[in-house]
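> show me the folded form of this:
(one chain, ligands or ions: 1)
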Amino acid sequence: MDKFVIHGGKRLCGEVNISGAKNAVVAIIPATLLAEDVCRIENIPNISDVSMMIKILHEMGAKIKMINENTLEIDTRTVNSYSVSYDLTKHLRASYYLIGALLGRCNFANVAMPGGCNFGGVRPMDQHLRGFEMLGANVSIDKGVVNASAEKLTGSSIYMDVVSVGATINIMLAAVKARGLTVIENAAKEPHIVDLANFLNSMGADVRGAGTDVIKIRGVPYLHGCDYSIIPDQIEAGTYMVAAAATGGDVVVKNVIPKHLESITAKLVECGVDVIEGDDSVRVVASCRPNRCNLKTMPHPGFPTDMQPQMAVLLAIAKGTSIISESVWENRFKYVDQLTRMGASIQVDGKVAVLEGVEELKGAPIKADDLRAGAAMIIAGLAATGMSEIENVIYIDRGYENIVEKLSAMGADIKRVKIDDEPTRIQTAG
Ligand code: EPZ
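Next comes the predicted model:
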């Protein structure tokens, strides 16, 4: 087990390169199960969620060649197992994409449901399973394992009861080789949905409308291999933008798609932070204490829920009182207890938090409750005066490539310290 030790109060200055998008790559790697040739994928982030997904595919019999730290060649023609056990799925929530991918590949899947999660209460799969059934699959759950099978999946019109990233992705994976037309209405529109659609189309699929409420998929009989590069990570970029703002810094965040960051940029500008957009970069300059603002998380293109904990740190030290409404997850304010230890003044009532801005946070021993809460703890430690120690950094390693190196290069005083081994608890990614 490791911890981060941060001596705060230093402005972040310089530049940071953003890695490939975690939530795109954890969908695109399972999607290679649909290809009947080799897929070469570049700009893959070196994070533990990706390592776990690669491990699962390898256990299923895929041939995976690491060309370099961020480039893989995946050949799934040798995959000979269509069952995935809980031992593998318990570590990674996105393992449920294997159901849609295996259904799309061979009309059969036997995949253990992922474990619980660290936030948001129960994370249901009802929309995923409903989508599979509407494509003609027989779906049952037996001892925590999803069994899904079909003679031949058949396209259908599916109106999502809930805007769900995971369910939209899983239905896309199942539908690309189904017979006929599938229409997904009330679809999620996140950048990683579009990235998956582009990947599938580069394999010869016929997916149109990704990024809008309506995605149309015409089934094709065969998908070939492809060369593909993952889009930059919107949430990693947003995390560094907020870190720059919270430390009064001046940072150029490079290798981004500014359009993906519009809602984050708008909120930072409302807080009095300067954000200068380039073609593939944004420069964040914070010259004074941030102003207060109100924030409501929404599905894309609204403000992303995965940036909510990070923004809460900025608003915790803003001039005035701010309100955050979390509309996507039931209970995503667990991290507030940690900020309170640092002197923050935040009241939480269900899905709403009221943040009374304080002059400064004070360093303290804190812990990461989940991936994005952990990122928020790092921002809090960087902005605080004094030393902070952050435990459970295993969560942060799931979604942030080389975060210590990237922050140190911008002047942060952050170290990764080994602590004596504690029993490794089963954690499931967000
Ligand atoms: C994805 O989770 C992301 N994870 C999450 O990011 C992110 O918070 C979430 O989308 C929202 O953007 C990955 O992409 C791996 P949802 P997902 O299905 O797909 C309800 C991170 O930090 N719902 O869009 O699980 C659900 O309860 C992680 O990278 C149903 O009711 O989220 C929630 O209230 C954390 N039934 C809402 O929909 C279902 O069948 C949105 O969930 C599915 C979801």
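> for the closest residue to the ligand within the stretch 51-200 of the chain, helix, strand, or coil?
Here the stretch 51-200 of the chain gets closest to the ligand at one residue, Gly166, 2.7 Å apart by CB to the nearest ligand atom. All C-beta spots, glycine's among them, are computed from the backbone N, C-alpha and C. Following DSSP: H, G, I helix; E, B strand; the rest coil, the label given to Gly166 is helix.
> would you mind listing what in the chain touches the ligand?
Residues of the chain lying near the ligand by CB under 6 Å from any ligand atom: 22-23, 26, 93-94, 123-128, 162, 164-167, 188, 305-306, 328-329, 371-372, 399, 430.
> narrow the residues you listed to those in helices?
Lys22, Asn23, Val26, Asp126, Gln127, His128, Val165, Gly166, Ala167, Leu371, Arg372 (DSSP state H).
> redo the residues you listed as CSV? Include distance to Asn46.
Formatted as CSV, those follow (distance: CB to CB, whole Å):
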residue, distance to Asn46
Lys22, 11
Asn23, 16
Val26, 14
Asp126, 34
Gln127, 31
His128, 28
Val165, 23
Gly166, 23
Ala167, 28
Leu371, 15
Arg372, 19
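> so where's this protein uncertain?
The model of the chain has pLDDT under 70 over residues 115-118, 120-122, 421-430.
> just the buried ones from the ones in helices among the residues of the chain next to the ligand?
Lys22, Asn23, Val26, Gln127, His128, Val165, Gly166, Ala167, Leu371, Arg372 (16 or more other CB atoms under 10 Å).
> dihedrals phi and psi, Glu262?
phi -60, psi -40 (degrees, to the nearest 10).
> re the thing from before, wait, which of the ones in helices among the residues of the chain next to the ligand is closest to Glu405?
Lys22 (17.5 Å; CB to CB).
> distance of the residue lying closest to that closest one once chain neighbours are set aside from Ala94?
Of all residues not flanking Lys22 in the chain, Gly399 sits nearest, at 4.7 Å (CB to CB, 6 or more residues apart in numbering). As judged by CB to CB, to the nearest Å, Gly399 and Ala94 stand 11 Å apart.
> and Val176, by the same measure?
Taken as CB to CB, the span from Val176 to Ala94 is 18 Å.
> which single residue of the stretch 201-350 of the chain ends up nearest the ligand?
Using CB to the nearest ligand atom, the closest approach of the stretch 201-350 of the chain to the ligand is made by Asp306 at 4.3 Å.
> count the neighbours of that residue for me.
Other residues within reach of Asp306, judged by other CB atoms under 10 Å, total 24.
> nearest residue to it in space, please, no chain neighbours.
With CB to CB, 6+ apart as the criterion, Asp306 has its nearest non-adjacent residue at 4.6 Å, and that residue is Ile235.
> was I right to think that neighbour contacts Thr305?
No: shown here, Ile235 and Thr305 do not form a contact pair, counting by CB atoms under 8 Å, at 9.7 Å.
> the more surrounded of the two?
The residue with more neighbours, out of Ile235 and Thr305, is Ile235; 25 against 21, by other CB under 10 Å.
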